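**Q** What shape does this take:
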Amino acid sequence: MSKVLPAEGGLRRVIGDGHELPDGEVDLTPEQHLDLYRDLVLLRTYDERSVVYHRQGRIGTYAIFWNHEAMQAGSAFALEERDWIFPSYRESAIGLLRGLPASTVLSWWRGHPAGWWNPEKWGVASICVPIATHVPHAVGFAWGSRLKGDDRVAIAYFGDGATSEGAFHEGATFAGVFNAPAILFCNNNQWAISTPVSAQTAAATLADKAIGYGMPGVRVDGGDVLAVYEATREAVARARGGDGPTFIEAVTYRAAPHATADDPSIYIDEERVEEERENECVGRYERYLKRFDLLTDAQVEEIRAEGLELMRAGIAEAEAEPPADPGLVFEHAFADPPASFRDDLAELRRILGG
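**A** Numbers count the residues shown, from 1 in each chain. Reported below is the predicted structural model:
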């Protein structure tokens with residue numbers, strides 16, 4: 001039996017602090033709790049190692065998702081295998097939760113063609129870098145699935161900044177009008193690079209926008225993996241039952257740079273960042289599980305070691321890929337390529353030493 005508790009600011013929560021705030025519960029078995037913890041640790045390990053990977057010059061700019069793991073793992077855990085995920089760059093590693101090899105995602109960040117996958121195999125669409133353009137894609141997929149009689153649900157992930165983009169509004173309107181079985185999942189970390197959410201909207205909350213599209217809006221503590229899971233599970237049931245889309249606003253505070261190319265010191269609230277880092281989502285869930293005797297120190301070490309080994313193997317596999325042929329950049333751009341492409345490719349090969 002689930003027990004979801006209200007928290008400050010109207011955010012749904014489950015995990016307390018072990019002192020003044022009581023713990024709630026969700027309907028998961030002990031084994032499922034451990035599986036969810038593994039997912040969190042896997043994502044955390046991937047993110048931390050990728051930052052190191054970047055600093056060593058082995059990948060280019062990387063979009064950090066440290067302390068966003070609860071939003072990704074909690075929501076994905078509520079989906080079924082037949083449901084589809086439409087990630088943005090902040091969810092670049094979410095395919096790992098579906099079994100996608102770490103080497104594939106690492107290759108994507110390396111700009112290697114081995115970093116592309118067949119979405120049908122994993123139920124994970126290509127990573128979307130342009131802001132919010134995948135929201136109409138997810139909604140269209142969900143509506144198309146319903147027209148075909150499938151009971152699939154599609155979830156689109158995006159940041160608070162995406163709600164300022166036209167594609168988000170088009171997708172949300174489409175979802176409401178056509179009653180699409182879709183979940184619009186907003187990870188509101190309160191910064192669109194350096195633009196605070198207060199400069200993006202006059203609405204009291206982003207979830208308030210949902211009413212304009214004819215769908216419910218839910219606000220949840222984005223650092224509480226169980227609250228995120230519970231809110232998404234309800235949205236999945238609503239969508240699969242034919243009741244249409246849901247907008248979920250998962251609220252957190254960005255505790256790391258927007259990306260490795262960003263210097264947040266000129267705009268971020270450093271004291272708030274330190275508070276958030278002390279109460280980060282993996283540690284919160286770990287302490288919760290220990291309070292309920294669902295996790296031991298030995299299991300923590302074992303699960304962390306599993307994540308590190310997976311990353312070591314993934315890095316080795318990604319870097320073992322042979323250099324890509326630069327001709328791939330040109331071959332599929334046009335059915336009838338202009339003559340200048342031949343000269344452009346020759347020049348590129350010369351520059352690259354090929």
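**Q** SS state for the closest residue to residue 213 other than its chain neighbours?
**A** In space, and not counting its chain neighbours, residue 213 is closest to residue 176: 3.9 Å by Cβ to Cβ, 6 or more residues apart in numbering. Heads up, the C-betas are built off the backbone N, CA and C, glycines and all. Taken by DSSP: H, G, I helix; E, B strand; the rest coil, the conformation at residue 176 corresponds to helix.
**Q** Residue 222 - how many residues pack around it?
**A** 28 (other Cβ atoms under 10 Å).
**Q** Could I get the contacting residues of it?
**A** Applying Cβ atoms under 8 Å, 6 or more residues apart in numbering, we find residue 222 in contact with 68, 70-71, 187-189, 228, 250-252, 281.
**Q** ok, now with 6 Å
**A** 71, 250-252 (Cβ atoms under 6 Å, 6 or more residues apart in numbering).
**Q** Narrow those to those in helices?
**A** Per DSSP state H, helices hold the following members of the contacts of residue 222: residue 71.
**Q** Filter the contacts of residue 222 down to the ones in strands?
**A** Among the contacts of residue 222, the ones falling in strands (DSSP state E) are 250-251.
**Q** Taking the contacts of residue 222 together, which two end up most distant?
**A** Across the contacts of residue 222, the longest distance by Cβ to Cβ is 9.6 Å; it joins 71 and 251.
**Q** Mind putting the contacts of residue 222 into JSON lines with distance to residue 78, neighbour count and pLDDT?
**A** Formatted as JSON lines, these follow (distance: Cβ to Cβ, whole Å; neighbours: other Cβ atoms under 10 Å; pLDDT from 0 to 100):
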{"residue": "71", "distance to residue 78": "12", "neighbour count": "32", "pLDDT": "98"}
{"residue": "250", "distance to residue 78": "12", "neighbour count": "31", "pLDDT": "98"}
{"residue": "251", "distance to residue 78": "18", "neighbour count": "23", "pLDDT": "97"}
{"residue": "252", "distance to residue 78": "18", "neighbour count": "22", "pLDDT": "96"}
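**Q** can I get the contacts of residue 222 in JSON lines with distance to residue 93?
**A** Putting those into JSON lines (distance: Cβ to Cβ, whole Å) gives the following:
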{"residue": "71", "distance to residue 93": "13"}
{"residue": "250", "distance to residue 93": "17"}
{"residue": "251", "distance to residue 93": "22"}
{"residue": "252", "distance to residue 93": "17"}
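**Q** quick one: which of the contacts of residue 222 is nearest to residue 309?
**A** residue 71 (25.3 Å).
**Q** Surely the closest one touches residue 250?
**A** Yes: if you go by Cβ atoms under 6 Å, residue 71 and residue 250 touch, sitting 4.6 Å apart.
**Q** shared neighbours of the two, anything?
**A** Shared contacts of residue 71 and residue 250, defined by Cβ under 6 Å, 6+ apart, comprise 187, 222, 228.
**Q** quick one: which of those residues is nearest to residue 53?
**A** Nearest member of the shared contacts of residue 71 and residue 250 to residue 53, counting by Cβ to Cβ, is residue 187, at 22.6 Å.
**Q** would you say that closest one is within a strand?
**A** Yes: assignment of residue 187 by three-state DSSP places it within a strand.
**Q** can you tell me which residues contact it?
**A** Residue 187 touches 68, 71, 159, 250, counting by Cβ under 6 Å, 6+ apart.
**Q** cool, residue 291 as well?
**A** Residue 291 touches residue 18, counting by Cβ under 6 Å, 6+ apart.
**Q** mind saving the C-alpha coords of stretch 283-294 as PDB?
**A** C-alpha atoms of stretch 283-294 as PDB (Å, rounded to 0.1, in the frame of the first residue of the first chain):
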ATOM      1  CA  GLY A 283      22.300   9.300  -0.700                       C
ATOM      2  CA  ARG A 284      18.700  10.100   0.200                       C
ATOM      3  CA  TYR A 285      17.400   6.800  -1.100                       C
ATOM      4  CA  GLU A 286      20.400   4.900   0.300                       C
ATOM      5  CA  ARG A 287      19.600   6.200   3.800                       C
ATOM      6  CA  TYR A 288      15.900   5.400   3.300                       C
ATOM      7  CA  LEU A 289      16.600   1.800   2.400                       C
ATOM      8  CA  LYS A 290      18.900   1.400   5.400                       C
ATOM      9  CA  ARG A 291      16.200   2.700   7.800                       C
ATOM     10  CA  PHE A 292      14.000  -0.100   6.500                       C
ATOM     11  CA  ASP A 293      16.800  -2.700   6.600                       C
ATOM     12  CA  LEU A 294      16.600  -3.100   2.900                       C
END
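**Q** I'd like the average pLDDT over the host helix or strand of residue 37.
**A** Assessed by DSSP states H and E, residue 37 sits inside helix 30-55. Summarised as a single mean, pLDDT over helix 30-55 is 97.
**Q** Touching, residue 97 and residue 39? I think so.
**A** Yes: under the criterion of Cβ under 6 Å, residue 97 makes contact with residue 39 at 5.3 Å.
**Q** can you give me the helices in the stretch 51-200 of the chain?
**A** Assigned by DSSP state H, counting those that start in this stretch, the stretch 51-200 of the chain shows helices spanning 69-77, 102-109, 119-122, 134-147, 166-177.
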